[in-house]
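> my questions are about this predicted structure, shown below with the sequence.
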Amino acid sequence: MARVGFIGLGKMGLPMAANLLEAGHTIKAFDVVDASTQAAAQRGMTAAATAGEAATDVDVLFTMLPSGTNTLAVYQDTDALQVAAAGTLFVDCSTIDVASARKAHELATNAGKLSLDAPVSGGVTGAVAGTLTFMAGGSGEAFGKAKPFLEIMGGRAVHCGDAGSGQAAKICNNMLLGISMIGVSEAFVLAEKLGLSKQALFDVASTASGQCWSLTTYCPAPGLVETAPSNNDYKAGFAAALMLKDLKLSQDAAGSVAAATPLGKHATALYEQFNEAGHADMDFSGIINFLRSKERDTS
């Protein structure tokens, strides 16, 4: 069994670390929020007092943090890279901008460490169940070393390419997800106004050309897909605030390479309005209610 350090013990990080612990690995856990570190200790992990302590005498160090600034703070502003043994694997599972991910790789490489950017898809439910999908960027050697750990925390791990490729895959995927959720929601709102039952639309679209994950697995209309948040008052599996974060990352990336993403831009604007209307903590599929309340734009 391996010695694992884990930094970032929020709604995603804590259950991910817990799955590694359950698999028999020893975990040294740290979070800047002391209550989160103590929650990890209560589960049987060793509480680390600092990020550097979490990185000391471990085979692999995972980070699961809110932003690129937070990730780079661990890599630049703590002694984690310095105290970790040569060849230690650093895996950042945060969803951050590509530039910050590549900078983190550079810092790790210069310090003699292996590194991987490995953001996830699957939300809190997937983190708890150990069914996340990991999108990994970095060397083949780093991915091979990380894969056994990723497979404990997730159902699938895909090596997407070199440094930053995992983040690129994540933001492209989530831009598509945001767009598709809006499209599915618009279709149900239109069906309602046309007098078509939601069941009829679901029965047709779920087996026709409109079929997509946002419809068949995460349907925003309640009563059609049992496990969808729409059946639980849109309690967040993936909060609207996080969707907006990822859409903004997609637009920052699109701007950096002059890529045309008009639907991504519009989806970002709609989710920004949805968040500003007080729904940041609601599941992102709740945007169906926001669209239902809007008047038709005739411009």
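Okay, I see it. The structure presented is a predicted model; accordingly, all values stated were derived computationally and were not measured.

> the stretch 51-200 of the chain: strands as residue ranges?
60-63, 89-92, 114-117, 120-121, 132-138, 154-161 (DSSP state E, counting those that start in this stretch).

> please save the CA atoms from the third one in CSV.
This file holds the C-alpha atoms of strand 114-117, laid out as CSV (Å, rounded to 0.1, in the frame of the first residue of the first chain):
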residue,chain,number,x,y,z
LEU,A,114,6.5,13.9,-11.7
SER,A,115,3.2,15.7,-12.3
LEU,A,116,-0.2,15.3,-13.7
ASP,A,117,-3.2,17.5,-14.2
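
> tell me which residues are up against it.
With contacts defined as CB atoms under 8 Å, 6 or more residues apart in numbering, strand 114-117 is touched by 87-92, 96, 101, 104-105, 108-109, 136-139, 141-143, 145-146, 163-167. No exception for glycine: its C-beta is placed from N, CA and C like everyone else's.

> filter those down to the buried ones and hand me the ChimeraX line.
This is the ChimeraX syntax for the buried subset of the contacts of strand 114-117, where burial follows 16 or more other CB atoms under 10 Å:
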select :88,89,90,91,92,96,101,104,105,108,136,137,138,139,142,143,145,146,163,164,165,166,167
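
> what pLDDT does the residue of the chain positioned farthest from its centre get?
Going by CA atoms, centre = their mean, the residue of the chain most distant from its centre is Gly195, 36.9 Å out. Gly195 carries a pLDDT value of 98.

> what's the answer for Gly123, then?
85.

> domain map for this protein?
If you go by automatic domain parsing, the domain ranges for the chain are 3-161, 168-293.

> and the longest one, how far apart are its ends?
In terms of CA to CA, to the nearest Å, the two terminal residues of domain 3-161 are separated by 26 Å.

> for the shortest one, same thing?
Criterion CA to CA; first-to-last residue distance in domain 168-293 is 34 Å.

> check stretch 68-86 too.
24 Å.

> any buried residues in that stretch, and which?
Applying 16+ other CB under 10 Å to stretch 68-86 flags Gly68, Asn70, Thr71, Leu72, Ala73, Val74, Tyr75, Thr78, Ala80, Leu81, Val83, Ala84 as buried.

> wait, isn't the last one in contact with Asp59?
This means Ala84. No - contact criterion CB atoms under 8 Å: Ala84 and Asp59 do not qualify, at 9.7 Å.

> ok so, going back, in helices, which of the buried residues of stretch 68-86 fall?
Among these, DSSP state H puts Gly68, Asn70, Thr71, Leu72, Ala73, Val74, Tyr75, Ala80, Leu81, Val83 in helices.

> any idea which of those residues is closest to Ala35?
Of all these, Ala35 sits closest to Asn70, with 17.5 Å by CB to CB.
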